[in-house]
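Asker: model this:
(one chain, ligands or ions: 1)
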Amino acid sequence: MVHRAISVHQRDGEPARRRLVREGWLDISLRPKTQGDRLYLPVHSNTPEDLDIEVAYEWVTTVFEERHRKPTSLREAPGLPPELASEVTRSMDVIGDVAVLRLKDDIRPRASEIGSALMEVHPRLRAVAIDDGVHGELRVRSLTIIAGEGPLVTTHREHGMELRVDLEHAYFSPRLATEHRRVADQVMPGERVLDMFSGVGPFTVLVARLAQPSQVHAVDLNEVAVRLVEENARSNGVDELVTAHSGDAREIVPGLGVFDRIIMNHPHGARDFLDVALGASRSGTVIHLHMMGALEESDEAADEADRTASDLGHGGVRVDLKREVRTYSPGVLHWCLDLTVLE
Ligand SMILES: C[S@@+](CC[C@H](N)C(=O)[O-])C[C@H]1O[C@@H](n2cnc3c(N)ncnc32)[C@H](O)[C@@H]1O
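Answerer: So this is what the prediction gives:
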């Protein structure tokens, strides 16, 4: 198809192009072309005949190649209504080269269309998967690939660490990045740290990299997670500081001695292990207790920690901070209580 255009000498090309752009006359959906010393600039049909562009030009009609500009955000993806694009963007996490989405039931029938649009908009994605939540004792995610290809094993960057994650077989959430950093920033040189429910090791590796702990012990029931803690400690150059243990914290922790800091990031189960953590504490030990529940339940958890500490011969616990980490579901929050064990 032929288009309306002006032809200018190549040496006048840049001022002519700039002038056409400024007036909104250049048709940017078409690619300008050169022939000999002439440059052909495609213009819109409503461009006036008597152009004042301060360089010599001629009117022509000729053929141009279409530009294929790729959409750069989901809102520009062809066929997806903008409100759907916003909802998908809000519910999406990008972990390494994998996008993970939570989709409401009413938009699930459009899953593969959404997956393909995401792959087009974010060319570095290798796969897009729907997240049906975290389940069971090992807190493993149910994922279904809707575009691209697995396996859903990838390398995620967080606070300068490179973490190998296996999204289908061991827990990881990029939404905890702020909490990982908040805890790691509190660690003082020489501390002996226990990461009681380590997952693939984001707390463990960050503490070992950022602070100068004497040792970090990581424990997890999930063997896949423990193998990844070891790999992540090695690849981030902190394997000499980290010891990973595979198994039940209730059985393993009593054999590990006393700690200066204990991270209990298992919001659905950590409260049941307060006696284990307090058994591995001294006066002054800091415990980061993660839990799920309403505001009253976080108060109850603090009372329970205080009672358990007293039962074990400590002088109770002091609540230094109660922090909402994130909203889990309406009315249910993920809390972190920073507790100090008292003499
Ligand atoms: C929420 S995930 C941990 C997340 C990790 N701290 C992070 O920041 O990514 C909870 C972890 O607790 C582990 N877990 C559950 N019960 C356990 C137990 N009895 N002993 C040790 N680990 C356990 C699960 O396998 C899971 O990896």
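
Asker: a helix runs through Glu296, doesn't it?
Answerer: Yes. Counting by DSSP: H, G, I helix; E, B strand; the rest coil, Glu296 falls inside a helix.

Asker: Arg108 versus that one, what's the distance?
Answerer: Applying CB to CB, to the nearest Å, the value for Glu296 to Arg108 is 35 Å. Placement of C-beta: from N, CA and C, glycine included.

Asker: of these two, who's got more company?
Answerer: Between Glu296 and Arg108, counting by other CB atoms under 10 Å, Arg108 is the more crowded of the two (11 against 8).

Asker: Enumerate every residue touching that one.
Answerer: Counting by CB atoms under 8 Å, 6 or more residues apart in numbering, Arg108 touches Ile130.

Asker: can you give me the strands in the stretch 1-150 of the chain?
Answerer: 2-9, 30-31, 33-35, 38-42, 57-63, 65-66, 92-95, 98-101, 127-135, 140-148 (DSSP state E, counting those that start in this stretch).

Asker: packing partners for the third one?
Answerer: When you say that, I think you mean strand 33-35. Here strand 33-35 touches strand 38-42, going by 3 or more CB pairs under 8 Å, 6 or more residues apart in numbering; DSSP states H and E.

Asker: What pairs with the strand it packs on, parallel or antiparallel?
Answerer: Here strand 38-42 has these sheet partners by DSSP bridges: strand 2-9 (antiparallel), strand 33-35 (antiparallel).

Asker: returning to what we had before: out of the strands of the stretch 1-150 of the chain, which is the most enclosed?
Answerer: strand 98-101 (a mean of 23; mean count of other CB atoms under 10 Å).

Asker: Pull up the gap between the residue lying closest to Met92 once chain neighbours are set aside and Pro267, please.
Answerer: Counting by CB to CB, 6 or more residues apart in numbering, Met92 lies nearest to Leu101, which is 5.0 Å off, once chain neighbours are set aside. Relative to Pro267, Leu101 is positioned 22 Å away (CB to CB).

Asker: Indicate which one of the strands paired with strand 38-42 is closest to the ligand.
Answerer: strand 33-35 (53.9 Å; CB to the nearest ligand atom).

Asker: How far does that closest one sit from its chain's centre?
Answerer: 46 Å (CA atoms, centre = their mean, to the nearest Å).

Asker: can you tell me how far the closest residue to Gly293 other than its chain neighbours sits from the ligand?
Answerer: In this structure, Gly293 finds its nearest non-sequential neighbour in Val332, 6.5 Å apart by CB to CB, 6+ apart. The spacing between Val332 and the ligand, counted by CB to the nearest ligand atom, to the nearest Å, is 15 Å.

Asker: Return the per-residue confidence for Gly79.
Answerer: For Gly79, the pLDDT comes out at 65.
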